[in-house]
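Asker: what follows is a protein structure lacking sequence information:
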């Protein structure tokens with residue numbers, strides 16, 4: 001609904017708190033590559049950036065018109081490209097690539113190109129190499145953005161085409177087996193929003209925040225991806241434009257929203273009541289040319305908001321009090337003058353364990369910047385683990401090995417468990433989402449061999465499989481579709 005003019009004036013006052021004097025961030029290192037061409041649309045050679053930590057090293061993943069570049073940034077003063085994977089399509093027709101990882105697998109898409117595809121790359125051989133384990137347009141040819149709900153092993157693709165389905169605002173895939181994605185569903189209707197295009201989203205444990213372009217903003221419960229429930233929408237708010245991207249605060253009470261429009265500030269959205277989503281503050285870049293500035297991508301890590309701005313580079317805000325954000329650091333990556341176009345910083349990644357911040361600039365390449373020095377526990381999220389058994393022969397008893405397949409299932413569900421400790425007692429139960437026990441298996445004393453179960457034929461729905469040892473517990477979702 002529309003808020004009165006007096007609220008608009010209050011929001012302008014609140015936005016001033018974000019413009020306090022900020023310090024220039026310390027530049028630690030840069031990377032770019034000679035010989036790469038810019039796109040024919042915006043002359044951008046580079047696009048999105050992602051980060052991963054594996055072993056004792058840190059890596060930046062940056063996209064270009066050519067493909068995906070893996071940069072060792074452990075020592076920011078001595079960065080080096082250690083691997084390059086060519087895109088399904090490459091060259092000046094490419095503007096966008098996007099990345100997200102699930103455990104030790106990196107998922108890569110592009111939004112242009114007649115031969116583009118979904119690429120899945122195995123990172124477990126770093127720092128020696130990266131291998132492509134899936135490269136196909138059978139499920140999709142292009143996607144503008146992706147996000148992975150790592151808690152539920154679901155891949156969300158936004159603005160996606162190909163794969164025999166035409167165009168979809170949103171598609172959901174199951175990646176329980178990371179190298180064999182399974183199509184689940186596609187959606188564009190969320191209560192009063194009929195989304196012609198979903199540009200981006202954030203999803204965790206089934207709760208999705210969807211940036212629906214010119215159609216607004218939606219919060220949707222995808223715990224059951226075959227029957228999502230829209231919790232709330234927002235179509236009118238101060239400085240509403242092209243609803244582009246955003247990120248929730250750690251407590252889930254606020255969402256930082258960016259509209260990709262010249263001169264539009266970011267908004268702090270109160271999402272504590274899903275039936276009354278509304279803006280409570282705005283955030284400016286600190287730019288001298290406020291009518292041209294554009295926020296592009298936002299990520300929240302602990303008490304800081306990290307934003308990559310076209311033209312204005314990296315901006316960092318202290319959001320300990322989300323309704324009164326304070327701009328604390330910045331770094332201008334771009335030398336372009338404002339020209340009413342799209343130039344400069346594209347992506348930002350603040351989750352490396354070192355605290356260093358990765359920023360991609362469309363024309364200049366990769367920047368590694370010193371962070372604000374906070375001890376943010378969320379930075380462990382970039383540390384990848386590769387302990388995902390994908391076949392019985394690969395199950396190892398050096399640690400708990402656990403496999404539920406196929407997922408989703410239309411009939412029998414198989415379970416395989418291997419436990420390192422001979423003589424350990426393991427208890428297994430199957431419940432519905434309300435916690436009601438459906439099956440309580442007798443305890444099993446493990447003898448060092450892989451134990452195999454089969455669930456009975458179940459009605460369509462989502463179930464929880466709880467497997468508990470003496471010092472560990474695994475809870476896996478089981479999905480049945482008919």
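Answerer: Okay, I see it. Worth saying up front: this structure is predicted, and the values here are computed from it rather than measured.
Asker: tally of neighbours for residue 443?
Answerer: Here the number of neighbours of residue 443 (other C-beta atoms under 10 Å) works out to 10. (Each C-beta comes from the backbone N, C-alpha and C, glycine too.)
Asker: per-residue confidence for it?
Answerer: pLDDT for residue 443: 82.
Asker: give me the phi and psi for it.
Answerer: Residue 443 has phi and psi values of phi -60, psi 150 when expressed as degrees, to the nearest 10.
Asker: chain center to the helix or strand harbouring residue 146: distance?
Answerer: Using DSSP states H and E, residue 146 maps to strand 142-149. Distance, stretch centre to chain centre, for strand 142-149: 8 Å (C-alpha atoms, centre = their mean, to the nearest Å).
Asker: what pLDDT is listed against residue 411?
Answerer: Value listed for residue 411 in the pLDDT field: 78.
Asker: how near is the closest residue to it other than its chain neighbours to residue 223?
Answerer: Closest residue in space to residue 411, ignoring its immediate chain neighbours: residue 457 at 6.2 Å, by C-beta to C-beta, 6 or more residues apart in numbering. In this structure, residue 457 and residue 223 are 23 Å apart, going by C-beta to C-beta, to the nearest Å.
Asker: those two: which is more packed in?
Answerer: Neighbours per residue, other C-beta under 10 Å: of residue 457 and residue 223, the larger number sits with residue 223, 17 against 12.
Asker: residues in contact with that one?
Answerer: Applying C-beta atoms under 8 Å, 6 or more residues apart in numbering, we find residue 223 in contact with 152, 205-207, 433, 462.
Asker: for the closest residue in space to residue 455 that isn't next to it in sequence, which residues are in contact?
Answerer: Excluding its sequence neighbours, the residue lying closest to residue 455 (C-beta to C-beta, 6+ apart) is residue 413, at 4.2 Å. By C-beta under 8 Å, 6+ apart, the contact set of residue 413 is 404-407, 454-455, 458, 478, 480.
Asker: quick revisit: how far away is the residue nearest to residue 411 from residue 184?
Answerer: Counting by C-beta to C-beta, the gap from residue 457 to residue 184 is 20 Å.
Asker: and the strand holding residue 146, what does it pack against?
Answerer: strand 97-102, strand 105-110, strand 154-161, strand 200-204 (3 or more C-beta pairs under 8 Å, 6 or more residues apart in numbering; DSSP states H and E).
Asker: may I see the ones you listed organised as CSV, with distance to residue 236 added?
Answerer: Shown next, in CSV, are the helices and strands packed on strand 142-149 (distance: least, C-beta to C-beta, whole Å):
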stretch, distance to residue 236
strand 97-102, 29
strand 105-110, 31
strand 154-161, 22
strand 200-204, 20
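Asker: closest to residue 45 out of those?
Answerer: Evaluated over these, closeness to residue 45 peaks at strand 97-102, with 11.7 Å, by C-beta to C-beta.
Asker: helix or strand for residue 134, which one?
Answerer: Here residue 134 is assigned to strand 131-136, by DSSP H and E.
Asker: what lines up beside that strand in the sheet?
Answerer: Paired strands of strand 131-136, with direction, are strand 118-122 (antiparallel) (DSSP bridges).
Asker: contacts for the partner strand, please.
Answerer: So strand 118-122 is contacted by 68, 85, 87-88, 104-109, 130-137, 139-140, 143, 178-179, 181 (C-beta under 8 Å, 6+ apart).
Asker: what subset of these is buried?
Answerer: Buried members of the contacts of strand 118-122, counted by 16 or more other C-beta atoms under 10 Å: 68, 85, 87-88, 104-109, 130, 134, 137, 139-140, 143, 178, 181.
Asker: before we move on, the earlier item: the contacts of residue 223, buried ones only, as a PyMOL selection?
Answerer: This is how PyMOL selects the buried members of those, with burial counted by 16+ other C-beta under 10 Å:
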select buried, resi 152+206+207+462
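Asker: make JSON lines from the contacts of residue 223 and add distance to residue 174, pLDDT and secondary structure to it.
Answerer: Shown next, in JSON lines, are the contacts of residue 223 (distance: C-beta to C-beta, whole Å; pLDDT from 0 to 100; DSSP: H, G, I helix; E, B strand; the rest coil):
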{"residue": "152", "distance to residue 174": "9", "pLDDT": "91", "secondary structure": "coil"}
{"residue": "205", "distance to residue 174": "15", "pLDDT": "91", "secondary structure": "coil"}
{"residue": "206", "distance to residue 174": "13", "pLDDT": "95", "secondary structure": "coil"}
{"residue": "207", "distance to residue 174": "17", "pLDDT": "97", "secondary structure": "strand"}
{"residue": "433", "distance to residue 174": "17", "pLDDT": "68", "secondary structure": "coil"}
{"residue": "462", "distance to residue 174": "12", "pLDDT": "79", "secondary structure": "strand"}
